[in-house]
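Visitor: Here's my sequence, what's the structure:
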Amino acid sequence: MMRQVVERSILRLAGTHVVHGRWGPTPSAFGSGLSLAAARLAALACRGRGRFSRPAGARLRLSAALLAAVLAWAASARTSSAQSAEELLVSRAEIGHQGGQLVVNQRAEPKTLNPITAVDSVSREVIRCTIADLIHINRDTQRTEPALAKAWTVSSDGRRYVLTLRRGLRFSDGHPFDADDVLFSFRVYLDEKVRSPQRDLLIVGGQPIGVRKVDQYAVQFDLAEPYAAAERIFDSVAILPRHLLEQLYTEGRLAETWGLGTAAAQIAGLGPFRFKEYVPGDRIVLERNPYYWKGDRAGNRLPYLDRLAFQFVASEDAQAMRFQTGEADIASRLNAETFSVLAKAEQTRSYKLFDLGPGLDYSFLFFNLNDLDSKALPETSRKQSWFRQVSFRQAVSAAIDREAIVRLVYRGRATPLWGHVPPGNKLWINRSIAQPGRSLERARRLLQTAGFSWKPDGTLVDGRGNAVEFSIVTNAGNGERSQMATIIQDDLKQLGMSVHVVTLELRALLDRLTGTHDYEACVLGLGGGDADPNAELNVWLSSGGTHLWNPEQAQPATPWEAEIDTLMRRQLTTLSNSARKRLYDRVQELVAQNVPFIFLVSPNVLVGAHSGLGNFRPAVLDHHTLWDVEELFWREKRSSATP
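Guide: Numbering: from 1, shown residues only. Predicted coordinates for the structure are as follows:
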């Protein structure tokens, strides 16, 4: 009897059952790696079968030993079974090696680690490595592909999407992920009080996208109208950990959370890395997420790298030196001068450079058109009488020598711009937008039409006799923008304008642009993570948070902004690509005519990487170098010491 009990215990633990006298694996045993043959041998040994027999005590000792061994096997089987329950996405990239760290230069310190409120590119660059979305845009192919959602269906009218989630996934703190996290995330992003920049993307036909839980691993999204390129909107929506953020959201403290001083244990995401430490003025370090939901074809869990360090290096010269000496492993968004210097030594150094040609980034000058408190900012408020005149902005545009900017700042590695869709976006650019050359004569005519005149000494004055004088702010550490501002300063001097260039640390600059509005003009840049027009809804809708010249308007301030709002919302729900193109062409015409941004250039995408870095595939879409960071690996073993 005891022999039968032990035998049956072994068979149960081995994942095997007996049905009507036949052997068969239990469903949970598949993929466990436990040998059915070994289980049979154990059972036979318990029965005492074979040529030699043992005394009863010896047989019991053998049975106990085998039972202990199978218990150990069973524990291993349970672990393997749990792992096999994870529906991992398998990478098609080259199979790499585990270990090491990657050091990346960053021009400034992030402002936040909060994906809900982050708007600056520096913060988003770090955050992007710690988060994941439901459907992802592959930056290389520019096509959508499964991510946290392994599959989806679309209704025949294009208004209902049902996304099936991967099972068995966990956040970087080990907490399970399911449909409740998706529902919570969209509730947060759609909440007007949260003021998330993603909200504009989630309004279709004037109505928020409806989100409903189908079951633990399926979510339904209902749209008021058909949505063009609807799959692509999920790329920008990071899924949040409900277990960490729901209480903060309920208390109205979500916008303040996940600052740079937050303890690592209080932050979790679904990206390949998780936050480890922040050293003010020096670096942010991310560490490998042990629960990440991607693997390679050999069965290894990604990412390959142990750590990802963002080193704060404000000076572009210092960044170049660190890359050249191997202290930094990737150089992203290189300026043309640095690229040329590095190219001279490329053959003798352990790095490779890449000029990918025109991208989606564009630089521009804009004036402060916010509704200001004249008592708080009297001088800026007074000068807005100039800035609000389209003729004044057109005159400034006509006076700027874009070709000189391309030649002097970018050494030919850029393209002059007169509209917001750069030449790298071949599908959506409106090629009928006029591209007039520089003309001081035309600029003077426009200024005269607007009531400006010149003193005998050449000083430009307005109708009240006030000299035209203003400052242009830009971010310190970005040499190209500082150089562009200086060229503009010189160009406008030839019109009799007195222009001052002021550089500010990036966080201080963003505070002025989006908070206090204490600025007069600014040189800045924007870049698209996607070529589709919907990626810039937040810029061109008057209610958008990055509608920089006058953000978050309750109602459009001008008729042309109202028309752009209408066009952008119409193209959003138009399923015909040719019809969408016509609508977006009209948006480009209105922007070019009214010049809320005075477009300058679109720089080439210039990057570099250590030659020993595997799977490095730079892309035109942002982020150019870290979009596949989970697949990057070192071909040779390198030190993994924290910088």
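Visitor: where does the stretch 451-600 of the chain dip in pLDDT?
Guide: For the stretch 451-600 of the chain, the stretches with pLDDT under 70 are 528-529.
Visitor: Repeat the analysis, applying 90 as the threshold.
Guide: Where the stretch 451-600 of the chain drops to pLDDT under 90, the residues are 477-479, 506-507, 514-515, 527-531, 534-538, 544-546, 552, 572-577.
Visitor: how about the strands of it, start to end?
Guide: Using DSSP state E, counting those that start in this stretch, the strands found in the stretch 451-600 of the chain span residues 453-454, 460-461, 469-475, 498-504, 521-526, 597-599.
Visitor: Then the stretch 51-200 of the chain?
Guide: Taking DSSP E, counting those that start in this stretch, the strands of the stretch 51-200 of the chain run over residues 89-90, 101-106, 135-137, 144-146, 149-154, 160-165.
Visitor: ok, the one residue sitting closest to the centre of the chain to Ser121 distance?
Guide: With distances taken as C-alpha atoms, centre = their mean, Arg128 lies nearest the centre of the chain, 4.6 Å away. Applying C-beta to C-beta, to the nearest Å, the value for Arg128 to Ser121 is 10 Å. (C-beta placed from N, C-alpha, C; glycine too.)
Visitor: Then Leu89?
Guide: 27 Å.
Visitor: next one: Leu163
Guide: 28 Å.
Visitor: And Ala255, by the same measure?
Guide: 19 Å.
Visitor: In terms of packing, which of the two has more residues around it?
Guide: Using other C-beta atoms under 10 Å, the more surrounded residue of Ala255 and Ser121 is Ser121, with 20 against 16.
Visitor: which non-adjacent residue is nearest the more buried one?
Guide: With C-beta to C-beta, 6 or more residues apart in numbering as the criterion, Ser121 has its nearest non-adjacent residue at 7.0 Å, and that residue is Gly527.
Visitor: Trp540 contacts Arg569, correct?
Guide: No. Judged on C-beta atoms under 8 Å, Trp540 makes no contact with Arg569 at a distance of 10.4 Å.
Visitor: higher neighbour count, the two?
Guide: Each of Trp540 and Arg569 has its neighbours counted (other C-beta under 10 Å); Trp540 has more, 23 against 19.
Visitor: Identify the residues contacting the more buried one.
Guide: Counting by C-beta atoms under 8 Å, 6 or more residues apart in numbering, Trp540 touches 547, 564, 568, 587, 591.
Visitor: farthest-separated two in those?
Guide: The distance between the two most remote of the contacts of Trp540 (C-beta to C-beta) is 13.1 Å, for His547 and Val587.
Visitor: and Asn430, how many neighbours does it have?
Guide: 18.
Visitor: Use 55 as the first number for this chain going forward.
Guide: Got it, first residue is 55 now, which makes that one Asn484.
Visitor: check contacts around it.
Guide: The contact partners of Asn484, by C-beta under 8 Å, 6+ apart, come to 473, 475, 638-639, 642-643.
Visitor: thinking again about what came up before, give me the distance between the residue nearest to Ser175 and Glu179.
Guide: Applying C-beta to C-beta, the value for Gly581 to Glu179 is 11 Å.
Visitor: ok, the residue lying closest to Leu667 once chain neighbours are set aside - how many residues close by?
Guide: Leaving out its chain neighbours, the residue that sits closest to Leu667 by C-beta to C-beta, 6+ apart is Leu686, at 6.0 Å. Counted with other C-beta under 10 Å, residues neighbouring Leu686 total 26.
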